Each structure stands twice: as structure tokens, then as C-alpha cells.
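Visitor: Quick one, what's the 3D model for this:
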Amino acid sequence: MEPAVKAPHLPLPQLAAAPLQLPMQAVPGGRQQWGRNQRILLGFLPAIWLRRCKICRQQRVRMTEMPSMDMKIMKVDKERSMSFSTAEQFLGIQQLHPFQWEIAQAALDGKDSCVYMATGTGKSLCFQLPAVVSGKVVLVVSPLIALMKEQVEKFNERAKQQGSKMKACFLGSGHEDVERRFQMDEAAVRGDFNLVYITPEKLTQCSHLLLRLRPLVEKGRVALLAVDEAHSISEWGGEFRPSYREISFFREDFPEVPIMALTAIKTPDVKDDINNYLQLRGPKVAVGSAYRPNLVLKRSQPRGLKRDLERIADEVCREGDRAIIYVKRRKEAEEVGAKLKEFLKFSDVTVGIYHAKRDQRQRDAAHDDFSDEGDHIMVATVAYGLGIDFPNIRRVYHLAAPALVEQYFQQIGRAGRDGKPAVCELIASDSDFVKPHRSPVQLEVWEKKSFECMRNLIYSPECLWSTLLKYMGEETFGSRCGNCDVCRAQEKLYDATCAAEVFFEAVDLFVTRHKPESMTNILALICNKKSFQNRFKGQEEQKLAVALAEKCKGMGLLAQTKITAFYKGLVPLLVNDGYLRRRPMSCGPWHTRRHYEVYLLTSKGSKVLHADCEVRLQIPPCLHDVLPAA
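Guide: Numbers count the residues shown, from 1 in each chain. Purely as a prediction, here's the structure:
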């Protein structure tokens, strides 16, 4: 059959030439019933055909009127469009980076693209340039409402200052006025805006918006779909959002519109997921190093919440810096925020709080106060992780380790976006990884890899930047960066033979005479606590407990608190060096199940006990004040 637009000129089909093959009823009189059904159906077909012809005739009339509309649209596009040099001036750029020009040019040529660049390298210009240069519409999918509103305001303010007809808008739940939201939707699908920022939920769940968008696409007015923070499409990205995966329908419905994916996370698995779920076709790829030489990575051991917050408050007051403090839970965000406000009540330093349990107005107010430099400190959960774009954040603190490397990498990326030095301090211990509700056994394969890398990072004696870059699949610059606590400290080996033997003997006793035990019970034996004495009353256990306590005294560890702090710092190093291994365990009914870890000796650890081998460890600076003579 010819295209539908010419259908009115076709003759009516010969209906009797191909009778419908409907199944006959297997009942008496079935043949007669079939005959009646056939006559009824065939009687309706001419009317259906004529109705279709009428619709096609109307479509053809509209098609004949379209050239004048297209000419008008082309005239508007020509008025709005600029050259690259004019676009640079409009966006306030002195000179484009080569990758920005190449990616923008690929988008203008109708090609897909991927941008894997570190935070603060100007990824947003890659999708703003096609909108400014072509004068067409660029759809930008982004996860953070506050950031989108901020970018819209900046773009419109710049256009107003320069007398340009360029406009940007935001579509999403951030508009409290329903009527205003409807008007923005209508204006966007008419093509009144060059940059249309939209949440993934709005794009994927509003079917009427997509239907209204189709005419704009068919007229060639949509230049690009940009997917910012594209790692959210992947479960490997650490910030997975199901709505991001539903964006794949856009490629199916609008295959002529090029897609641009942008992210700072570039692990091989994330790259594969982005390519597969967005159905990218031979994309132009720009890859930069994840290394940020202006960020100094530090680690320290928790000294108690009050002491840690007093130190942080003192540093912020002394330096006058702006800082973000990340915590794991919403309750902790409220607690930390309240304590900091108490510590800083006599200073000019103010504190904001941001987490998902606060309503949208409170979150927007906290974000606005921080962005206007009203607040010096923001206490936040991971909810304040994506897309934060402030140039002068000088410090990022973590009061506990993030569960995944990807989360940590995203959050430290908030600091030093202006290229000036900034400090990222991880205040964490190995106990942060003993989860109360979820065992490491229950983690996905990708989570286990990221989980273990983050856990090892806390006590790693290797260059921190080198460790992060290796995880990202990037070739490192060498073994030393000069911008982490390891590289800035003098390298030294610590003779941990005696201390390791004490712990190994305790582990060996439990494994051979009872069962593998947790860190808590092993330390109860080493400290000869009453809880151990009441539980294990055998002569050999009591004798070993006394002997181990004496060895600890010989190392200068007199108090039980010092012994506990010492071994909680030493044991992760022994695990990393292959002397010990952990085994996840759980106990209790499913609704109150408790997860914990027990320790076992490896063959390397057994040699220390039975073959008189030395244990020499490289000690990270964060443990220098915990380990004796380190």
C-alpha cells in the first residue's frame, strides 16, 4: 500500500477476494453462524475505509500548509542561532576546550556522544553550545531540581543582559503553582525555549508531554537529548535511579534525535550500561582523567562525635572556608547540625541541613542559603550528592565511610571546583562497614567490588589517588601523587610481629577449640575481660588470656581502651596484607537478624605463629597516633 497521505486516491479493496479466516464454532449450526458473522463484518469494512480516507485527506491538507510554518520556524531558528565564537561570548567563555568543541559539533551533526570527565571540567557546556549555536531545542535530563533551577536562572540572566532571545526553562515538580507548571509544559512543547531541563520522572511518566513533543521532533526542532549524571542509569554507578533506565524509550520513539551522555564515573561496567540502555550508535567519546590535583585526600580515625565536630568547627572558623559534611543517616544529619550550631553560636559561621526526609521547601531553602553563601557549612546525606555546582567549597568531610567508592568519588567532587586547593577528609574506621541490616553476602557482585575497595581505602598504605584511579579503570601516573596523606608523609615500615602474634594466638584458640569469633570476642580474650572469663572457664583459655594481657603491657598497651583502639587499627592492615581473612556471619530470626564478621588465619598468618616470621607493615598516617612507635 502507498503512504497514507495518498490513500484517498486508491480504489476500494475487493473485499470478496480475500474473505476473513475466522475460526468456526464447534457447535451445531456453526457454519450458519460463521456466515452471519462474515456478512456483518464485511458490511462494516467500507465505512471504516471511507473514514480512513477522510482522515488521510485532512492530513494531506495540513501537509500542504506546513512549508509556510517551516519557513517561519527556520526564520526564528536563524534569528536565535549563533556561530561558535559568538556562543563563547554569550556563555562567558574565554576559550573552549577541544573536547567541548568536538562533542558539541558531533551533536550538531546528529551524532551520539559520551562525555566522561571529572567534576568541574565544564561538561554542561557540551549541551548548552548546541542549543545556542543551532537555536533549536535541547532537552536536558538531570536528577537535581535545585541545580536545574540554578542553571536556568543563570542562562536566562545572561540572555537578558545580552539582549538575546535565548531562553531556558525547568519542567518538573519544583513548580508549586499547577497552572504555572501547565503553562511551562505548553510553552516547552511549542519550542519557545532553547534549553529545557527536565527530571527523568517527568520525561518518562508524562505521556501527554511526549505526544505533544512529537510534532516538534518531526519539524526538526529538537537538536539533542542530553542525559546528565548518566551513571545513574547503571546499578554499578552507586546512585542508580530506575527512572533513568526508562529513558531508553526516547531512542525508540525518536531515533532521529541524537543523545549525549555525561558523567564523571567511567568504570567499564558503567560505560557498558550507558551504551546499552541508551542504545547509543557509534558515539563520539571524550574521556578525561578523574584525577583532581587540587584536591588533597586525608584520613583520620574517629575520636568521638563531640571531639570531631569541635575540631571541624575550629578549622572552618579559623580558615573561613565553606564546607560540606556528609553523614550516613538522616537522624545523624539533624544531630550533627544541632551540635555544630551549638558550637558556633557565638561566631558568624552558620549551618544548613539537607536530607531526603525534609520537605521540598526546606531542602530548597537550605540549598538556596548555601548557594548564596549565607551558610558556611552544609550537613547532608547522600541526597545532596548529585550535581552540586559551587566553585568555592574548600572542605568536604565524611563522618563515616560511604558504602561505595562511586559515592565517595562523587561527593569529594563537590570541593575545589574553581581549581583552587581543597581538602577532603575521611573520618572513618573499619566498623563503618559492619552493616546492621545487610550482610556483605547479600550484596550484588558490583557492590562487593566497590564495598571492598572503599573498605581497603580507609587503611591503605598506598597512594589514595592511585587506588581510586585504578578502580575507575584508568592508567595511573605512578605510585605517588603528592596530594594525599600517604604521599605527603614519610614512608616507614612498622614492626608489628609481636602485636600480630597476640591477635593470631587468640584467633587460633577460638578456631581450634571452639569456633571462629568476632572482633569483639577476640578483644575480650586479649583484654581478659570479665565477659570472657564468665563465658570460657577452661584452664587453657584462662592461661592464654593472662599471657596475652601481659604481652600487651610489654608493648605499652595498659588500658583496655588503648588495646581496643590499637587492634581496630591494626587488624584491617593484617587483612589487607593477607595474614587474616574475614567471613560474614548472621544470627537471629529474619526480622531482627544481626550481621557480623568472624576472623580466620590464612596460610601466611599461620606461618607467623609456627615459623617465627616477621610482620612488617606500612602504616598510613591516620594510624600514627594509634599504633605505638609508629
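Visitor: could you pull out the strands for the stretch 251-400 of the chain?
Guide: In the stretch 251-400 of the chain, the segments counted as strands under DSSP state E, counting those that start in this stretch are 259-263, 284-287, 295-300, 322-326, 351-354, 377-380, 393-399.
Visitor: Let's have the ones you listed in CSV, adding distance to residue 619 and mean neighbour count.
Guide: To be clear about C-beta, it is placed using only N, CA and C from the backbone, and glycine gets the same treatment. Compiled in CSV, those are given as follows (distance: least, CB to CB, whole Å; neighbours: other CB atoms under 10 Å):
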stretch, distance to residue 619, mean neighbour count
strand 259-263, 36, 26
strand 284-287, 35, 18
strand 295-300, 12, 21
strand 322-326, 26, 25
strand 351-354, 35, 24
strand 377-380, 31, 28
strand 393-399, 21, 22
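Visitor: Format those strands as JSON lines; extra columns: mean pLDDT and distance to residue 499.
Guide: Output for the strands of the stretch 251-400 of the chain, formatted as JSON lines (pLDDT from 0 to 100; distance: least, CB to CB, whole Å):
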{"stretch": "strand 259-263", "mean pLDDT": "95", "distance to residue 499": "44"}
{"stretch": "strand 284-287", "mean pLDDT": "93", "distance to residue 499": "44"}
{"stretch": "strand 295-300", "mean pLDDT": "93", "distance to residue 499": "21"}
{"stretch": "strand 322-326", "mean pLDDT": "93", "distance to residue 499": "33"}
{"stretch": "strand 351-354", "mean pLDDT": "91", "distance to residue 499": "41"}
{"stretch": "strand 377-380", "mean pLDDT": "92", "distance to residue 499": "37"}
{"stretch": "strand 393-399", "mean pLDDT": "94", "distance to residue 499": "28"}
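Visitor: Pass me the low-pLDDT residue ranges in the stretch 451-600 of the chain, would you?
Guide: 477-479, 490-492, 533-534, 536-538 (pLDDT under 70).
Visitor: Please enumerate the strands of it.
Guide: Counting by DSSP E, counting those that start in this stretch, the strands of the stretch 451-600 of the chain are 493-495, 580-587, 594-601.
Visitor: roughly how far is the last one from the heart of the chain?
Guide: In other words, strand 594-601. 30 Å (CA atoms, centre = their mean, to the nearest Å).
Visitor: That strand packs against which elements?
Guide: helix 497-513, helix 519-526, strand 580-587 (3 or more CB pairs under 8 Å, 6 or more residues apart in numbering; DSSP states H and E).
Visitor: List the buried residues in that strand.
Guide: 595-599, 601 (16 or more other CB atoms under 10 Å).
Visitor: Now do the SS call for the nearest residue to residue 254 once chain neighbours are set aside.
Guide: Counting by CB to CB, 6 or more residues apart in numbering, residue 217 is the residue found nearest to residue 254 once chain neighbours are left out, at 5.0 Å. Of the three states, residue 217 takes helix under DSSP: H, G, I helix; E, B strand; the rest coil.
Visitor: quick one on the thing from earlier: for residue 156, which of the strands of the stretch 251-400 of the chain is the nearest?
Guide: Residue 156 lies closest to strand 259-263 among the strands of the stretch 251-400 of the chain, at 21.6 Å (CB to CB).
Visitor: so what strands line up beside that closest one?
Guide: strand 113-116 (parallel), strand 222-227 (parallel) (DSSP bridges).
Visitor: In JSON lines: these, plus mean neighbour count, mean pLDDT and distance to residue 605.
Guide: Below are those laid out as JSON lines (neighbours: other CB atoms under 10 Å; pLDDT from 0 to 100; distance: least, CB to CB, whole Å):
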{"stretch": "strand 113-116", "mean neighbour count": "26", "mean pLDDT": "95", "distance to residue 605": "41"}
{"stretch": "strand 222-227", "mean neighbour count": "25", "mean pLDDT": "95", "distance to residue 605": "48"}
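Visitor: export those strands to CSV and tack on distance to residue 419?
Guide: Below are the strands paired with strand 259-263 laid out as CSV (distance: least, CB to CB, whole Å):
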stretch, distance to residue 419
strand 113-116, 19
strand 222-227, 24
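Visitor: Which one, of those strands, ends up nearest to residue 540?
Guide: strand 113-116 (58.7 Å).
Visitor: Restrict that closest one to CA atoms and write it as PDB.
Guide: Output of strand 113-116 as PDB, limited to C-alpha atoms (Å, rounded to 0.1, in the frame of the first residue of the first chain):
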ATOM      1  CA  SER A 113      28.200  11.300  22.200                       C
ATOM      2  CA  CYS A 114      29.600  10.300  25.600                       C
ATOM      3  CA  VAL A 115      31.500  12.700  28.000                       C
ATOM      4  CA  TYR A 116      33.400  11.000  30.800                       C
END
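Visitor: Distance from that strand to the middle of the chain?
Guide: The chain centre lies 16 Å from the centre of strand 113-116; the measure is CA atoms, centre = their mean.
Visitor: Following the chain past that strand, name the next helix or strand.
Guide: helix 125-134 (DSSP states H and E).
Visitor: same question for that following helix, mean pLDDT?
Guide: The average pLDDT for helix 125-134 rounds to 91.
Visitor: what comes into contact with that helix?
Guide: With CB atoms under 8 Å, 6 or more residues apart in numbering as the contact definition, helix 125-134 has outside contacts at 77, 81-84, 87, 90-91, 93, 96, 99-101, 103-104, 107-108, 113, 115, 136-138, 140, 155, 166, 194-195, 223-224, 226, 228, 260, 262, 286.
Visitor: Same check on stretch 611-621?
Guide: 299, 459-461, 485-486, 488-489, 491-497, 500, 570, 573-574, 577, 579, 607-608, 627, 630.
Visitor: Now that stretch: average pLDDT?
Guide: 81.
Visitor: Flag every buried residue along that stretch.
Guide: 615, 617, 619-621.
Visitor: export it as CSV, just CAs?
Guide: The C-alpha coordinates for stretch 611-621 follow below in CSV (Å, rounded to 0.1, in the frame of the first residue of the first chain):
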residue,chain,number,x,y,z
ALA,A,611,57.6,-20.5,61.7
ASP,A,612,58.7,-17.4,63.5
CYS,A,613,58.2,-15.0,60.6
GLU,A,614,58.3,-11.2,60.8
VAL,A,615,55.3,-8.9,60.2
ARG,A,616,56.3,-5.5,58.8
LEU,A,617,53.6,-3.1,57.7
GLN,A,618,53.5,0.2,56.1
ILE,A,619,51.4,2.4,58.4
PRO,A,620,49.0,5.0,56.9
PRO,A,621,49.4,8.5,58.6
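Visitor: re earlier: packed most tightly, which of the helices and strands packed on strand 594-601 would that be?
Guide: helix 519-526 (a mean of 21; mean count of other CB atoms under 10 Å).
Visitor: Against which helices or strands is it packed?
Guide: Judged by 3+ CB pairs under 8 Å, 6+ apart, the packing partners of helix 519-526 are helix 497-513, helix 530-535, helix 539-554, helix 560-576, strand 594-601.
Visitor: ok so, going back, got the contact list for the residue nearest to residue 254?
Guide: So residue 217 contacts 254, 256-257 (CB under 8 Å, 6+ apart).
Visitor: Show the model's pLDDT score for residue 59.
Guide: pLDDT at residue 59 comes out at 45.
Visitor: Residue 293 is nearest to which of the helices and strands packed on helix 519-526?
Guide: Nearest to residue 293, of the helices and strands packed on helix 519-526 and by CB to CB, is helix 560-576 at 26.2 Å.
Visitor: Centre of the chain to that closest one, how far?
Guide: The answer for helix 560-576 is 32 Å, by CA atoms, centre = their mean.
Visitor: before we move on, what about stretch 114-121?
Guide: For stretch 114-121, the distance to the chain centre is 14 Å (CA atoms, centre = their mean).
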